[in-house]
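Asker: Provide a 3D model corresponding to the input given below.
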Amino acid sequence: MSAQAPLTFLITGVSSGLGRALAEAALAAGHRVAGTLRDEAARAAFDSLVPGRSLGLRLDVTDNDAIAPAVAAVEATLGPIDVLVNNAGYGHEGILEESSLADLRRQFEVNVFAPVAMIQAVLPSMRRRRSGHIVNITSMGGLITFPGIGFYNGSKFALEGLSESLGKEVKDLGIRVTAVEPGQFRTDWAGRSMVRAERKIADYDAVFEPLRSHRREVSGRQIGDPAKAAQAILTLVKSDNPPAHLPLGPDALKLIREKLDYLQGEIAAWEKLTLSTSFG
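Answerer: As a prediction, this is how the structure comes out:
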């Protein structure tokens, strides 16, 4: 992939937020962009953003059977996909004991299974061309955790592991994989996109309610600028040696570093017991 040549992007979830910002930035930079949306009017509007370079795809990313035809449509219209950005996803807010297994399955269907299905659909062409970049938008919540979003954390931890392993599988095939870990950005994630479980158990009020209240209060006023995140991702895909992980935002950087320090301390504190389990 030339760092200067226009690229063909396939971005899931371009109706709003980071996906929309990235799509618009890529188009403004002269690239070709296919974006998935669930609404026909929104699809048509995206299609007309830059005629000939923007392609709207009406797609429910959890409809696995529809993904391969969508990828084929992109390649037939815009050309081979250089960059896949798995951006579509949502957050489930709820104490684990208060959330259902159906909630968990839905969270993983959207945040884990759908990205994997998209990856499987684009890999054959990328392998043949020995070129491509897969960008999975995970979250700082894929490396750190908060009480009350365990299902979301679990899905993003899973996508982190899949991304890192896949990167090792395809590195020698000329394909790069990056997990992008945004902190809090001014999107709808904590607003209308959030699914919230019903509260039932008072024992969890003290640990959870302050976090839920804070999340609602800062929604729409988060520190992260989606337009700047989009430019960061464009810089990422131009790199000849992109990282396996890219945190975005000062909050993500701070909290991930604190997590790494915590792990180092805990590992050191329990090292003797850790080493006590070998033969001889």
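Asker: can you confirm L49 is in a helix?
Answerer: No. With DSSP: H, G, I helix; E, B strand; the rest coil as the criterion, L49 is located in coil rather than a helix.
Asker: And for it, nearest residue in space, chain neighbours not counted?
Answerer: Distance criterion Cβ to Cβ, 6 or more residues apart in numbering; nearest residue to L49, sequence neighbours excluded, is L27 at 6.2 Å. Backbone N, C-alpha and C define where each C-beta goes, glycine included.
Asker: can you tell me which residues contact the most centrally placed residue in the chain?
Answerer: With distances taken as Cα atoms, centre = their mean, I137 lies nearest the centre of the chain, 1.9 Å away. Residues in contact with I137, defined by Cβ atoms under 8 Å, 6 or more residues apart in numbering, are L18, G19, V85, N86, N87, G89, V180, P182.
Asker: could these go into TSV alongside neighbour count, secondary structure and distance to R38?
Answerer: Formatted as TSV, these follow (neighbours: other Cβ atoms under 10 Å; DSSP: H, G, I helix; E, B strand; the rest coil; distance: Cβ to Cβ, whole Å):
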residue	neighbour count	secondary structure	distance to R38
L18	26	helix	17
G19	25	helix	12
V85	29	strand	17
N86	28	strand	16
N87	25	coil	13
G89	26	coil	13
V180	25	strand	22
P182	26	strand	22
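Asker: Quick check: which ranges of the stretch 151-280 of the chain have low pLDDT?
Answerer: Filtered on pLDDT under 70, the stretch 151-280 of the chain yields the residue ranges 188-191, 220.
Asker: Which residue ranges of it form helices?
Answerer: 205-218, 226-238, 250-269, 271-274 (DSSP state H, counting those that start in this stretch).
Asker: any idea which of these is most buried?
Answerer: Mean neighbours per residue, mean count of other Cβ atoms under 10 Å, is largest over the helices of the stretch 151-280 of the chain for helix 226-238, with a mean of 18.
Asker: Adding distance to V74, write the helices of the stretch 151-280 of the chain out as JSON lines.
Answerer: Compiled in JSON lines, the helices of the stretch 151-280 of the chain are given as follows (distance: least, Cβ to Cβ, whole Å):
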{"stretch": "helix 205-218", "distance to V74": "35"}
{"stretch": "helix 226-238", "distance to V74": "16"}
{"stretch": "helix 250-269", "distance to V74": "30"}
{"stretch": "helix 271-274", "distance to V74": "48"}
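Asker: re the thing from before, just grab the bridge partners of the residue nearest to the centre of the chain for me.
Answerer: Beta-bridge partners of I137, counted by DSSP bridges, are V180.
Asker: and it, how far is that from P6?
Answerer: Distance, I137 to P6, by Cβ to Cβ, to the nearest Å: 22 Å.
Asker: I'd say G17 and T187 touch.
Answerer: Yes. Using Cβ atoms under 8 Å, G17 is in contact with T187, at 3.5 Å.
Asker: Could you tell me which residues touch both of the two?
Answerer: Residues touching both G17 and T187 (Cβ under 8 Å, 6+ apart) are S193, P226.
Asker: rewinding a little: indicate which one of the helices of the stretch 151-280 of the chain is closest to L166.
Answerer: Closest of these to L166 is helix 226-238, at 16.3 Å (criterion: Cβ to Cβ).
Asker: which strands and helices sit next to the closest one?
Answerer: helix 17-28, strand 132-137, strand 175-182, strand 245-248 (3 or more Cβ pairs under 8 Å, 6 or more residues apart in numbering; DSSP states H and E).
Asker: Which residues does that helix contact?
Answerer: Residues from elsewhere that reach helix 226-238 (Cβ under 8 Å, 6+ apart): 3, 7, 17-18, 20-22, 24-26, 29, 82-83, 85, 133, 135, 178, 180, 182, 185-187, 242-243, 246, 248-249.
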